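S.K.: next comes the sequence, and after it the predicted model I'd like to discuss.
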Amino acid sequence: MILISACLAGLKVRYNGTDCLDERIQQLVLENKAITVCPELMGGFTTPREPAEIVDGDGEDVLDGKAIVVEKSGRDVTELYLKGAYATLHKALELGATKVILKEYSPSCGSAMIYNGHFNATKRIGVGVTTALLRRNNIVVFSEEEFFTE
(Lines give C-alpha, C1' and ligand atoms only; values in the text may rest on other atoms or scores of the structure.)
Protein backbone atom coordinates (compact mmCIF):
# COMPACT_ATOMS: atom_id res chain seq x y z
CA MET A 1 0.00 0.00 0.00
CA ILE A 2 1.12 3.55 -0.74
CA LEU A 3 0.27 6.56 1.42
CA ILE A 4 -0.17 9.84 -0.44
CA SER A 5 -0.49 13.47 0.63
CA ALA A 6 -4.20 14.21 0.36
CA CYS A 7 -3.60 17.47 -1.48
CA LEU A 8 -1.89 15.56 -4.33
CA ALA A 9 -5.05 13.49 -4.79
CA GLY A 10 -7.12 16.63 -5.21
CA LEU A 11 -8.42 17.14 -1.68
CA LYS A 12 -8.52 20.81 -0.69
CA VAL A 13 -6.55 20.46 2.55
CA ARG A 14 -3.60 22.81 2.02
CA TYR A 15 -3.13 25.75 4.38
CA ASN A 16 -4.94 28.06 1.96
CA GLY A 17 -7.79 25.66 1.18
CA THR A 18 -6.45 24.51 -2.18
CA ASP A 19 -5.07 21.25 -3.55
CA CYS A 20 -2.04 20.29 -5.62
CA LEU A 21 -3.78 17.75 -7.82
CA ASP A 22 -1.53 15.35 -9.69
CA GLU A 23 -3.79 13.22 -11.86
CA ARG A 24 -1.31 10.31 -11.88
CA ILE A 25 -1.40 10.24 -8.10
CA GLN A 26 -5.17 10.66 -8.00
CA GLN A 27 -5.42 7.62 -10.28
CA LEU A 28 -3.52 5.50 -7.72
CA VAL A 29 -6.18 6.38 -5.15
CA LEU A 30 -9.03 5.68 -7.58
CA GLU A 31 -7.49 2.26 -8.33
CA ASN A 32 -7.31 1.51 -4.57
CA LYS A 33 -3.51 1.32 -4.73
CA ALA A 34 -3.06 4.26 -2.36
CA ILE A 35 -4.65 5.92 0.67
CA THR A 36 -4.55 9.65 1.39
CA VAL A 37 -3.20 11.26 4.54
CA CYS A 38 -2.67 14.85 5.62
CA PRO A 39 -0.19 15.06 8.49
CA GLU A 40 -1.25 18.62 9.29
CA LEU A 41 -4.93 17.76 9.63
CA MET A 42 -3.98 14.62 11.55
CA GLY A 43 -2.02 16.89 13.90
CA GLY A 44 -5.07 19.00 14.67
CA PHE A 45 -4.98 21.84 12.16
CA THR A 46 -8.00 22.99 10.18
CA THR A 47 -8.30 24.28 6.63
CA PRO A 48 -7.64 27.07 5.97
CA ARG A 49 -4.81 27.86 8.36
CA GLU A 50 -1.81 30.15 8.51
CA PRO A 51 1.23 29.14 6.49
CA ALA A 52 4.02 27.67 8.59
CA GLU A 53 7.74 27.12 8.10
CA ILE A 54 10.54 25.44 10.02
CA VAL A 55 12.88 27.93 11.70
CA ASP A 56 16.59 27.22 12.27
CA GLY A 57 16.70 23.79 10.67
CA ASP A 58 14.56 21.13 9.07
CA GLY A 59 12.37 18.23 10.12
CA GLU A 60 15.34 16.27 11.47
CA ASP A 61 16.18 19.21 13.73
CA VAL A 62 12.55 19.49 14.87
CA LEU A 63 12.58 15.80 15.88
CA ASP A 64 15.82 16.42 17.79
CA GLY A 65 14.40 19.50 19.57
CA LYS A 66 16.82 21.87 17.80
CA ALA A 67 14.32 23.70 15.57
CA ILE A 68 10.68 24.77 15.71
CA VAL A 69 7.76 25.18 13.31
CA VAL A 70 6.09 28.58 13.40
CA GLU A 71 3.14 30.15 11.67
CA LYS A 72 3.64 33.39 9.77
CA SER A 73 2.23 35.30 12.78
CA GLY A 74 4.98 33.78 14.95
CA ARG A 75 2.92 31.18 16.85
CA ASP A 76 4.93 28.05 17.65
CA VAL A 77 3.04 25.06 16.21
CA THR A 78 5.80 22.48 16.61
CA GLU A 79 3.71 20.17 18.79
CA LEU A 80 0.94 19.95 16.19
CA TYR A 81 3.47 19.08 13.48
CA LEU A 82 4.97 16.38 15.69
CA LYS A 83 1.52 15.02 16.51
CA GLY A 84 0.69 14.81 12.78
CA ALA A 85 4.01 13.15 11.97
CA TYR A 86 3.48 10.46 14.60
CA ALA A 87 -0.13 9.90 13.48
CA THR A 88 1.10 9.46 9.90
CA LEU A 89 3.79 7.03 11.04
CA HIS A 90 1.17 5.04 12.95
CA LYS A 91 -1.05 4.91 9.85
CA ALA A 92 1.86 3.82 7.64
CA LEU A 93 2.79 1.02 10.03
CA GLU A 94 -0.83 -0.03 10.48
CA LEU A 95 -1.30 -0.34 6.71
CA GLY A 96 2.12 -1.83 6.03
CA ALA A 97 2.86 1.04 3.65
CA THR A 98 5.98 0.40 1.59
CA LYS A 99 6.10 3.84 -0.02
CA VAL A 100 4.86 7.28 0.87
CA ILE A 101 4.43 10.15 -1.61
CA LEU A 102 4.39 13.53 0.12
CA LYS A 103 4.12 17.11 -1.12
CA GLU A 104 7.49 18.74 -1.71
CA TYR A 105 8.33 22.02 0.09
CA SER A 106 5.86 21.45 2.95
CA PRO A 107 7.11 21.77 6.55
CA SER A 108 5.45 18.39 7.14
CA CYS A 109 5.99 16.62 3.87
CA GLY A 110 9.00 18.04 2.05
CA SER A 111 11.37 15.22 1.10
CA ALA A 112 14.27 17.22 -0.37
CA MET A 113 13.37 20.92 -0.18
CA ILE A 114 11.48 23.12 2.29
CA TYR A 115 10.99 26.85 2.73
CA ASN A 116 13.75 28.62 4.64
CA GLY A 117 11.78 29.77 7.71
CA HIS A 118 11.71 33.47 6.80
CA PHE A 119 8.41 33.51 4.85
CA ASN A 120 10.12 35.07 1.84
CA ALA A 121 9.30 32.28 -0.66
CA THR A 122 12.90 31.04 -0.63
CA LYS A 123 13.44 27.29 -0.66
CA ARG A 124 16.38 25.39 0.78
CA ILE A 125 17.58 21.83 1.08
CA GLY A 126 15.85 20.03 3.92
CA VAL A 127 13.03 17.68 4.87
CA GLY A 128 9.72 18.15 6.63
CA VAL A 129 8.88 16.76 10.05
CA THR A 130 6.78 13.84 8.81
CA THR A 131 9.32 12.84 6.17
CA ALA A 132 12.11 12.87 8.76
CA LEU A 133 10.12 10.65 11.14
CA LEU A 134 9.06 8.19 8.44
CA ARG A 135 12.62 7.86 7.16
CA ARG A 136 13.92 7.30 10.68
CA ASN A 137 11.53 4.36 10.75
CA ASN A 138 12.81 2.96 7.43
CA ILE A 139 9.81 4.03 5.37
CA VAL A 140 10.65 5.21 1.86
CA VAL A 141 9.40 8.73 1.13
CA PHE A 142 9.20 10.32 -2.30
CA SER A 143 8.02 13.70 -3.47
CA GLU A 144 5.41 13.87 -6.19
CA GLU A 145 8.22 15.13 -8.43
CA GLU A 146 10.44 12.09 -8.01
CA PHE A 147 7.98 9.23 -7.57
CA PHE A 148 7.24 8.78 -11.26
CA THR A 149 10.92 8.95 -12.23
CA GLU A 150 12.02 6.10 -9.94
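M.R.: That came through, no problem.
S.K.: what sits up against whichever helix in the chain runs longest?
M.R.: Of all segments of type helix in the chain, defined using DSSP state H, the longest is helix 78-95. Under the contact criterion CB atoms under 8 Å, 6 or more residues apart in numbering, helix 78-95 has outside partners 1, 3, 35, 37-45, 52, 59, 62-63, 68-70, 97, 100, 107-108, 129-130, 132-134, 137, 139. The C-beta positions use only the backbone N, C-alpha and C, and glycine is treated the same way.
S.K.: likewise stretch 102-111?
M.R.: With CB under 8 Å, 6+ apart as the test, stretch 102-111 has contacts from 4-5, 7-8, 20, 39-40, 43, 52-54, 58-59, 69, 81, 84-85, 112-115, 123, 126-131, 141-146.
S.K.: residues touching the spatially most distant residue from the centre of the chain, list them.
M.R.: What lies farthest from the middle of the chain is E31; by CA atoms, centre = their mean that is 22.5 Å. By CB under 8 Å, 6+ apart, the contact set of E31 is empty.
S.K.: gap between it and G96?
M.R.: Noted for E31: a distance of 18 Å to G96, by CB to CB, to the nearest Å.
S.K.: I am finished for the moment; much appreciated.
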